[in-house]
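Participant: Take this sequence and fold it.
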Amino acid sequence: MFLAKRPPWSSQISRFCVHRAVFWIISWRRVWYSGGGENATPGTSGRLSELFWPMRVHLSGAIGRALELGRWSDSVELELERLHVDLDPFVVNRVLRGLSDSETAVRFYWWAESKPGFDHTQFAIAYIVSLLFIDGNFSLLSEFLERVRSQGVALHRSLYRILLSGYVRAGKFNSVIQTFDEMVTSGCREFGVDYNRFIGVLVKNCCFDLVEKYYGMALDKGFCLTPFTYSRWISALCQSDRIGLVEELLADMDKFGCFPDIWACNIYVDYLCRQNRLHDALKMLEKMGIKGTDPDVVTYTTVVGCLCDNKQFAEAVELWEEMVRRGLKPDTIACGVLIFGLCKNDKVDEAFELALRMLSLNLELNVCIYNALISGFWRSGSIGKAFKIISFMRKNGCEPDVVTYNIVLNHYCDTGMVKDAEDLMKKMEMSGVNPDWYSYNQMLKGLCKANQLDKAFAFVADHMEVGGFCDIVSCNILIDAFCKARKVNSALKLFKEMSYKGIQADAVTYGTLINGLYSVGYHNLAEETYEQMSKAQIVPNVNLYNIMLHNLCKAGHFKQAQEIFSQMIQKEVSPDIITFNTLIYWLGKSSRAIEALDLFRDMRTRGVEPDSLTFRYLISGLLEEGKVTLAYEVWEYMMENGIILDRDVSDRLINVLKSKNNLAEQLVSMHASVLVDLTRKKTTRETVGKEPCTLEMKGFGNCQLVLVSATEFDILQIAIPKKQRGFLLKVFDRTDKYGAYLLCPAELMAESGKAWPEEIV
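Facilitator: Numbering: from 1, shown residues only. Model prediction:
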């Protein structure tokens, strides 16, 4: 239905004229958009209309000249009335095409429709709408559309598409939704392409709830999204971390016999790898090949990187080789991700072999890959190989960059080869490689580590400050070196100079300085510096809090330490294992073991796992106060978690337990001794029950001790007659795997005159 209101023509001639008019408009549009322009004619396709062509052109030209007088006004309208023209759609449409001002076009449109018997075509409406979009005159557009609707004109599908396209380009997102809803409810015939375009707009604007709504509507009407629309939707969901719907969309695509494009697949695989869903990523990689969307270099690179992150290097190398076998040429990123993963996990020899394989395939290795190999060999202690790689890369046309030199510089500075480091800095400049921020700070650190503080200070003044490389990190390195050399006054002087140079001290600066002040006994000044930091509104880090807690507890200022700890919690700085170990140690040293035990419980509540030092400090503190039973309970908890107590503390615990004269303490002592021995020897199923030994029990003489499994213990109970076995003691840890069992001869029991239970746990 091309015309808004079709006249009741019935004759063959009338229908013929209508068809020819439509055909002429289509022909004209083809000529116009192919470059014919305003003066182009539709050729022989409009022969019937050619009979009236000169007259119509003359009329449209006259109207156009009248409209050129200026903006629409009464005088313009009067001039049009004087022409006494008989309007038809051809003339009106030709006039509209010649207008560039949207407001004039609308006014002319309204003037024309006021003429008796004249009805506009959808073509005229579409042209007006397009012109209003070009001018950005949205208020007039709303008024125009409202007037068209009030006249009962049913908008054609093509006009709705023009409106949707215009609103999208103008960023009128709400108008886009309203227009699409109007198109759906108007009874206008919809097509799958309309839903695809509209859903694409919604996806681009991340309106995922609306996307689901209209996607459901499309499915209900029998429309299917194109693979392109599905792919863009899946990509957007992955990038917005809304992965739950992706699996459903993939299932729908399977149902419709389509699959995402390579772009969407790569984004989805990347998301799976970033979430460490390696198994799902490998399944998707396999499915891509089956469904016809072959993985590319990006896909393989992503999965290889994830395999390396999960330390599955054999599988990573195999997948990389599969990529090569498929005829894909790995780029530097694909080569680098595998080399970096191997070198990072101390598999530099395998990385080197793989690099040679890459070179044999005529693949280009960039300087980053060579740097990874050099750094890997350096960390493994293969200094000679590292230097050979540097020579090798030069032969292959790859010159060392600043990172390459920094790796070597780092080695020289860490090993105290300051002279070599200085020579290397000069060589860098001669080679046209300018040392960077890292180079200068590493050199400074090397000088400080070699205790060449005067030279370090001069290096900062003569080189770093001149080049603009002196920053907070440089100052922190110097302050730390001064404090370690007990030159606290020099550190304080530098600290004061920092503000003059516009360098703001941070938590590391204050922590280093405060620790240095405490180390030389300047306790008051250290606390004043801490207060100064608080006034400067610098939030301490956990290391600074640990320094304060250690020194306050060491001085016996537990109340202040408690305040600092509370402040730490209030500022949401999470205590670490060092924090708790520091407090537990000093509480134990100060005969406050019960408080240390409470702190131990708080530590576990906060999710901080105790280490061997925690148990050492806690058990030592409890033993100092004679709290043997509590010490034993802590030790049991420690053993259950697979942590071995230091020998000196465990021996001390056992000796304290053995010194007790009652039987129960002896049994506990034996339990402790045996389980410590079990833990140290890592007793296995094959060793238990093979090496019986003898223990001396006070009041009972020698007793045989056998290590057996739980099953063997049950067999032992049945095999040995009750009267003969005398006393069978089960000393069992809570893992319920292995235990120590004591066989005490019956005669010893009789001599003792004591009645023992058959089994004591």
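Participant: and Thr121, backbone torsions?
Facilitator: The phi and psi values for Thr121, taken as degrees, to the nearest 10, are phi -90, psi 170.
Participant: if I look at it, how far off is Leu99?
Facilitator: Thr121 sits 16 Å away from Leu99, going by Cβ to Cβ, to the nearest Å. The way it works is simple: take the backbone N, C-alpha and C, and place the C-beta from them, glycine included.
Participant: and Arg604, what pLDDT?
Facilitator: The predicted local distance difference test score for Arg604 is 88.
Participant: What is the burial count for it?
Facilitator: Neighbour count of Arg604, defined by other Cβ atoms under 10 Å: 13.
Participant: I'd assumed Leu618 was in contact with it.
Facilitator: No - checked against Cβ atoms under 8 Å, the pair Arg604 and Leu618 is beyond contact range at 11.8 Å.
Participant: distance between the ends of stretch 129-140?
Facilitator: Looking at stretch 129-140, the gap from its leading to its trailing residue is 10 Å under the measure Cα to Cα, to the nearest Å.
Participant: How far away from the center of its chain is it?
Facilitator: The offset between the C-alpha centroid of stretch 129-140 and the centroid of the whole chain comes to 44 Å, using Cα atoms, centre = their mean, to the nearest Å.
Participant: Give me the contacts around it.
Facilitator: In this structure, residues lying in contact with stretch 129-140 by Cβ atoms under 8 Å, 6 or more residues apart in numbering are 96, 99-103, 105-106, 141, 144-145, 159, 162-163, 166, 169-170, 172.
Participant: From Leu338, how far off is the residue nearest the centre of the chain?
Facilitator: Compute the mean C-alpha point of the chain, and by Cα atoms, centre = their mean the closest residue is Arg274, 6.6 Å away. In this structure, Arg274 and Leu338 are 18 Å apart, going by Cβ to Cβ.
Participant: And the helix or strand hosting Leu478, what's buried?
Facilitator: Counting by DSSP states H and E, the secondary-structure element that holds Leu478 is helix 472-484. Within helix 472-484, the residues scored as buried using 16 or more other Cβ atoms under 10 Å are 473-484.
Participant: Name the next helix or strand following that helix along the chain.
Facilitator: Once the chain leaves helix 472-484, the following helix or strand, as judged by DSSP H and E, is helix 488-500.
Participant: which secondary structure elements does that following helix contact?
Facilitator: The contact analysis (3 or more Cβ pairs under 8 Å, 6 or more residues apart in numbering; DSSP states H and E) places helix 488-500 against helix 472-484, helix 507-519.
Participant: For the last one, give the mean pLDDT please.
Facilitator: The average of the pLDDT scores along helix 507-519 is 94.
Participant: got it, and the first one?
Facilitator: Taken as a whole, helix 472-484 has an average pLDDT of 94.
Participant: And the contacts of that helix?
Facilitator: Under the contact criterion Cβ under 8 Å, 6+ apart, helix 472-484 has outside partners 440-441, 444-445, 448-449, 451, 453, 456-457, 460, 464, 488, 490-491, 494-495, 498, 503-506, 508-509, 512-513, 515-516, 519.
Participant: Report how many residues lie close to Gly222.
Facilitator: Under the criterion other Cβ under 10 Å, the count of neighbours that Gly222 has is 7.
Participant: Can you show me the helices along the stretch 51-200 of the chain?
Facilitator: Here the stretch 51-200 of the chain has its helices, by DSSP state H, counting those that start in this stretch, at 53-67, 74-83, 89-97, 102-113, 122-135, 138-150, 157-170, 173-185, 192-204.
Participant: Same question for the stretch 301-450 of the chain.
Facilitator: Under the criterion DSSP H, counting those that start in this stretch, helices of the stretch 301-450 of the chain are mapped to 313-325, 332-344, 348-360, 367-379, 383-395, 402-414, 418-430, 437-449.
Participant: Any chance of a markdown table for the ones you listed, columns mean pLDDT?
Facilitator: Supplementary listing: these in a markdown table, determined by pLDDT from 0 to 100:
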| stretch | mean pLDDT |
| --- | --- |
| helix 313-325 | 93 |
| helix 332-344 | 92 |
| helix 348-360 | 91 |
| helix 367-379 | 92 |
| helix 383-395 | 90 |
| helix 402-414 | 92 |
| helix 418-430 | 91 |
| helix 437-449 | 93 |
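Participant: follow-up on the earlier one: got the helices and strands packed on helix 488-500 as a markdown table, with distance to Leu285 columns?
Facilitator: Supplementary listing: those in a markdown table, determined by distance: least, Cβ to Cβ, whole Å:
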| stretch | distance to Leu285 |
| --- | --- |
| helix 472-484 | 43 |
| helix 507-519 | 44 |
